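**Student:** Model the following, please.
(chains A and B)
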Number of protein chains: 2
Amino acid sequence: MARPSMKQQIIEAGLAELHARGYAACSVADITKAAGAPKGSFYNHFASKEDFAVEAVRRYFEIAGWPASFESTSAVARLRAGFTALADGARDRAYSRGCMWGNLANEVADHSAAIRGELAEGLDAWSAIVTELVAQAQRAGEISHLGDPAPVGRFIVNAWEGALTRSRVVRSSQPIDDFFELIFGALLTRDERPTRTPGAP
Amino acid sequence: MARPSMKQQIIEAGLAELHARGYAACSVADITKAAGAPKGSFYNHFASKEDFAVEAVRRYFEIAGWPASFESTSAVARLRAGFTALADGARDRAYSRGCMWGNLANEVADHSAAIRGELAEGLDAWSAIVTELVAQAQRAGEISHLGDPAPVGRFIVNAWEGALTRSRVVRSSQPIDDFFELIFGALLTRDERPTRTPGAP
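**Tutor:** I've put the predicted structure just below:
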């Protein structure tokens, strides 16, 4: 396997610093120190800290913990497995750090069009994955009553981000438990009433 | 009416700076300049920037735009009016700035127990207001099938925070529209929703 380039090494090690410290509090020196790289080498690869952050945002989803493949054949179960993996990661970090995308959205989105654009793309791509699972669950009759799956997918992603933010504040799983209870116990459920025959009076 | 004390003046003017700039990027000089106060006077009223932020978090809900009273007698309509007022505020700010609580939760909660504690209290108090409206709506038969209203109230608050964060990224009302569609069009509805699964994690 090829050795990661110095640029990849800086992105991967620096991403963890950026995630843990936040944008303003994470210096170029923090990033290069974490990567074991000379500080001067940073500017061989990135025009600025902002440029580095754009690349870190692009790379983040791959390492954030959403499973690349799922065992279950139920679309709702696969969706639950995705969020369970994220919840396990949050628990392992003692509900610190949050989601790097959410952090940067709140800290830097107003001030950097480049970072904001990359965050929008990342969140759209993730929402599309969730939307596709919702659509599959609808087609399979696992859930009902929710209409167009696109707003549902975006809403679920945003509700997760909000739950994770709250979990940092209370340092417990409660907001994540609430998310699972309401999303999987109320929103993504199947109507238990007898199926209405189309065209029946 | 009594003239606001210098301390109150610093909190109110400084809070807007803290909200707009974020914690790390907002200096004591920014705060006192916004308040028209000599920089040295800051430390007559606050032990530190952290101490100031705790007071700003405490004061925030009063000015964040949640209506103090509602005209409607329907609890769901009152809940919708509360979030509509917040949505109007977000639109007026062109979806910049977000929620100061959410911002500080993501930027500082890991690093300051004092700010984290105040954020937890603020979010709990707001969640209690939402929970009470959900409970009233349940008692009035406006909504059904949602069981214990406390997780519902917390979930709605957290989902709002996530929607507002996403609206900063996309600079549009779409995430807020999604929130209204899913919360008021799917979750808080009457008899149209399937029964909540007891004990769902």
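
**Student:** Quick check: next helix or strand after whichever helix in chain A runs longest?
**Tutor:** Longest helix in chain A by number of residues (criterion: DSSP state H): helix A:113-139. For helix A:113-139, the following helix or strand on the C-terminal side (DSSP states H and E) is helix A:149-170.

**Student:** Now do that following helix and helix B:113-139, the angle between them.
**Tutor:** Going by axes from the mean of the first three to the mean of the last three C-alpha atoms, to 10 degrees, helix A:149-170 is angled at 130 degrees with respect to helix B:113-139.

**Student:** average pLDDT across helix A:149-170?
**Tutor:** Across helix A:149-170, pLDDT averages out at 98.

**Student:** Show me the contact partners of the helix or strand following it.
**Tutor:** As assigned by DSSP H and E, the chain's next helix or strand after helix A:149-170 is helix A:174-182. By C-beta atoms under 8 Å, 6 or more residues apart in numbering or on different chains, the residues outside helix A:174-182 that reach it are A:80, A:83, A:87, A:90, A:159-160, A:162-167, B:151-152, B:154-155, B:158, B:187, B:200-201. For glycine as for every other residue, the C-beta is placed from the backbone atoms N, C-alpha and C.

**Student:** tally of neighbours for residue A:91?
**Tutor:** Counted by other C-beta atoms under 10 Å in any protein chain shown, the residues lying close to residue A:91 total 13.

**Student:** Distance check, it against chain B.
**Tutor:** To chain B, residue A:91 is 13 Å away according to C-beta to the nearest C-beta, to the nearest Å.

**Student:** just residue A:88 next, same as before
**Tutor:** Using C-beta to the nearest C-beta, residue A:88 is found at 13 Å from chain B.

**Student:** likewise residue A:100?
**Tutor:** 10 Å.

**Student:** low-confidence ranges in chain A?
**Tutor:** Across chain A, the ranges flagged by pLDDT under 70 are A:1-4, A:192-201.

**Student:** Could you tell me the angle between the longest helix of chain A and helix B:174-182?
**Tutor:** Per the same axes, to 10 degrees, the angle that helix A:113-139 makes with helix B:174-182 is 20 degrees.

**Student:** Report the buried members of the contacts of helix A:174-182.
**Tutor:** Using 16 or more other C-beta atoms under 10 Å in any protein chain shown as the burial test, these include A:80, A:83, A:87, A:90, A:159-160, A:162-167, B:151-152, B:154-155, B:158, B:187 as buried.

**Student:** Domain map for chain A?
**Tutor:** A:6-49, A:65-187 (automatic domain parsing).
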